[in-house]
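K.L.:
Structure for this input, please:
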Amino acid sequence: MIDIKFLRENPDIVKENIKKKFQDKKLPLVDEVIEFDKKLRVATVKGDELRNKRNTLSTEIGSLMKNGQKDEAEKIKAEVKKINEELEENEKLEAEYSKEIKNRMMIIPNIMHPSVPLGEDDSKNVEVQKFGDPVVPDYEIPFHEDILERLGGIDMEAARRVAGNGFYYLVGDVARLHEAVLAYARDFMINKGFTYCIPPFMIHSDIVNGVMSFEEMDAMMYKIEGEDLYLIGTSEHSMIGKFKGQILDKANLPYNMTSYSPCFRKEKGAHGIEERGIYRIHQFEKQEMIVVCEPDESWDWYEKLWSYTVEIFRSMDIPVRQLECCSGDLADLKAKSCDVEAWSPRQKKYFEVGSCSNLTDAQARRLGIRIKGENGNYYAHTLNNTVVAPPRMLIALIENHYNEDGSVTIPEVLRPYMGGLEKITPKNK
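P.N.:
Numbering: from 1, shown residues only. As a prediction, the model looks like this:
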């Protein structure tokens, strides 16, 4: 959510930002906010005047009663009663105008960073740079589910019987490899100076509304029936929510934290759940990183965060690239975002394995996360980034380390977490 003062003073900039995101249907919202804001300020002034008048008259009543002028006091009491009735109606108007403003401000997109490339959708995202040389071996690499089945490491059929499409059983060494990736990612981020955290896996609706747009919520979140609880789609939600309503001490900033959680997503929309494999699923686990910091430090943190994802993938000898998200592919709360994509030697192309975003003060405004300053409090900036999400990480890992005999070589950095195991060999033909 952007600053209403900024919108009030710069409506053309806000409208231009909406146009660059190809959301022209939202353009009328800007003028509507301005109109309701004018009405609210008039009502606020009137309310203050009525309260001041009431206070003055109330004081006068006390003096009259003390001097025995009961009839005069009763007349003024009647006047105070009318003021109270008028004030009650005015307060209803104030609440109504405030609600109308908030409803519109919640769907007006955050102001994008000037460097964000323009484009209607993800097909216009821009490759920034590559890390590592992509290799295609001279032997065939099977589909990742087939590799995992031959390793005796996955049972999709049983998962469909138990839970339907979008779920899986990981078994044996593959399940261990999955956990090894998470443990390595945890230690990697701790060594970068991040504080490790395991957050709540369910959150209240006010946190959901604070961390994401309505469109994202509808497409992603599972609601617990009969309760004000949602299953998290990423631990960023509960990690940022941790700071809701807090006034932060500058001396303790930045808060840089890395978190583990299971994640649950409806995957509603254009992509949906795939019939095969574990690329797009309802349930997965992830290591995340978040930063809550001073506004003038957030862009430096943005560059650090995505580079950590690149570093962890390259430490496992997986080629990756950084892809800049264009304006039409940018979620409304984000000022700038990039994806890290891993090389798929089977498909001979890159695919998304992580996403890094700077939301500037958009989430902080919604959640009331402020910093105590010498000249008054101000809103913090928030950022988030994927460290690893093992189902997709597993795909990248097994494809880039698949051997002609069907075995998968375990990267050296993961072997201490695998009891020294160097390879996972086929168990099924």
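
K.L.:
measure the residue nearest to Thr258 when sequence neighbours are not counted to Asp339 for me?
P.N.:
Leaving aside its sequence neighbours, Thr258 sits nearest to Met189 (C-beta to C-beta, 6 or more residues apart in numbering; 3.7 Å). Backbone N, C-alpha and C define where each C-beta goes, glycine included. As judged by C-beta to C-beta, to the nearest Å, Met189 and Asp339 stand 19 Å apart.

K.L.:
go on, Glu288?
P.N.:
In this view, Glu288 and Asp339 are 15 Å apart by C-beta to C-beta.

K.L.:
Which one's more surrounded, the two?
P.N.:
Taking other C-beta atoms under 10 Å, Glu288 and Asp339 do not tie; Glu288 has more neighbours (27 against 24).

K.L.:
Need phi/psi at that one.
P.N.:
Here is the backbone geometry of Glu288 (degrees, to the nearest 10): phi -120, psi 160.

K.L.:
my read: it touches Ser357, true?
P.N.:
No. Between Glu288 and Ser357 no contact is recorded; they are 11.5 Å apart, counting by C-beta atoms under 8 Å.

K.L.:
what pLDDT does Lys429 get?
P.N.:
On pLDDT, Lys429 comes in at 63.

K.L.:
brain fart, Glu74
P.N.:
In this model, Glu74 is scored at 78, pLDDT.

K.L.:
ok, it - contacts?
P.N.:
For Glu74, the contact set (C-beta atoms under 8 Å, 6 or more residues apart in numbering) is empty.

K.L.:
For the helix or strand that contains it, buried residues please.
P.N.:
Element membership for Glu74 (DSSP states H and E) is helix 70-105. Residues 73, 76, 80, 83, 87, 90, 93-94, 97, 100-101, 104-105 are the ones in helix 70-105 that count as buried (16 or more other C-beta atoms under 10 Å).

K.L.:
Need the overlap of contacts for Glu288 and Ser357.
P.N.:
Contact with both Glu288 and Ser357 is made by residues Asn384, Asn385, according to C-beta under 8 Å, 6+ apart.

K.L.:
Specify the local secondary structure of Val33.
P.N.:
helix (DSSP: H, G, I helix; E, B strand; the rest coil).

K.L.:
With adjacent residues omitted, what lies nearest to it?
P.N.:
Spatial nearest neighbour of Val33, chain neighbours left out: Arg104 (5.0 Å); criterion: C-beta to C-beta, 6+ apart.

K.L.:
isn't the one you found right up against Asp31?
P.N.:
No. At 10.0 Å, Arg104 does not count as touching Asp31 under the criterion of C-beta under 8 Å.

K.L.:
which residue ranges form the strands in the stretch 1-150 of the chain?
P.N.:
Secondary structure of the stretch 1-150 of the chain (DSSP state E, counting those that start in this stretch): strands at 126-131.

K.L.:
meant to ask about the stretch 151-300 of the chain, not that
P.N.:
With DSSP E, counting those that start in this stretch as the criterion, the stretch 151-300 of the chain has strands spanning 154-155, 169-170, 195-197, 202-203, 222-223, 230-231, 247-248, 255-264, 283-293.

K.L.:
can you list those strands in CSV and add distance to Thr409 and mean pLDDT?
P.N.:
CSV is the format used below for the strands of the stretch 151-300 of the chain (distance: least, C-beta to C-beta, whole Å; pLDDT from 0 to 100):
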stretch, distance to Thr409, mean pLDDT
strand 154-155, 18, 96
strand 169-170, 19, 96
strand 195-197, 28, 98
strand 202-203, 38, 96
strand 222-223, 37, 92
strand 230-231, 35, 94
strand 247-248, 45, 97
strand 255-264, 26, 96
strand 283-293, 22, 96
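
K.L.:
Please convert those strands to JSON lines, extending it with distance to Pro117.
P.N.:
JSON lines is the format used below for these (distance: least, C-beta to C-beta, whole Å):
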{"stretch": "strand 154-155", "distance to Pro117": "38"}
{"stretch": "strand 169-170", "distance to Pro117": "38"}
{"stretch": "strand 195-197", "distance to Pro117": "34"}
{"stretch": "strand 202-203", "distance to Pro117": "33"}
{"stretch": "strand 222-223", "distance to Pro117": "33"}
{"stretch": "strand 230-231", "distance to Pro117": "32"}
{"stretch": "strand 247-248", "distance to Pro117": "33"}
{"stretch": "strand 255-264", "distance to Pro117": "28"}
{"stretch": "strand 283-293", "distance to Pro117": "24"}
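
K.L.:
can you tell which of those strands is closest to Phe36?
P.N.:
Across the strands of the stretch 151-300 of the chain, Phe36 has its closest neighbour in strand 247-248 (28.3 Å, C-beta to C-beta).

K.L.:
can I assume Met212 is in contact with Leu359?
P.N.:
No. With contacts counted by C-beta under 8 Å, Met212 stays clear of Leu359, the gap being 9.9 Å.

K.L.:
and for those two, which residues touch both?
P.N.:
Any residue near both Met212 and Leu359 by C-beta under 8 Å, 6+ apart counts here, and that gives Leu333.

K.L.:
pLDDT wise, what is the residue nearest to Val33 at?
P.N.:
Value for Arg104, per-residue pLDDT: 95.

K.L.:
Distance of it relative to Trp306?
P.N.:
As judged by C-beta to C-beta, Arg104 and Trp306 stand 32 Å apart.

K.L.:
Tell me where the stretch 151-300 of the chain has helices.
P.N.:
Taking DSSP state H, counting those that start in this stretch, the helices of the stretch 151-300 of the chain run over residues 156-163, 172-191, 205-211, 214-220, 235-241, 298-315.
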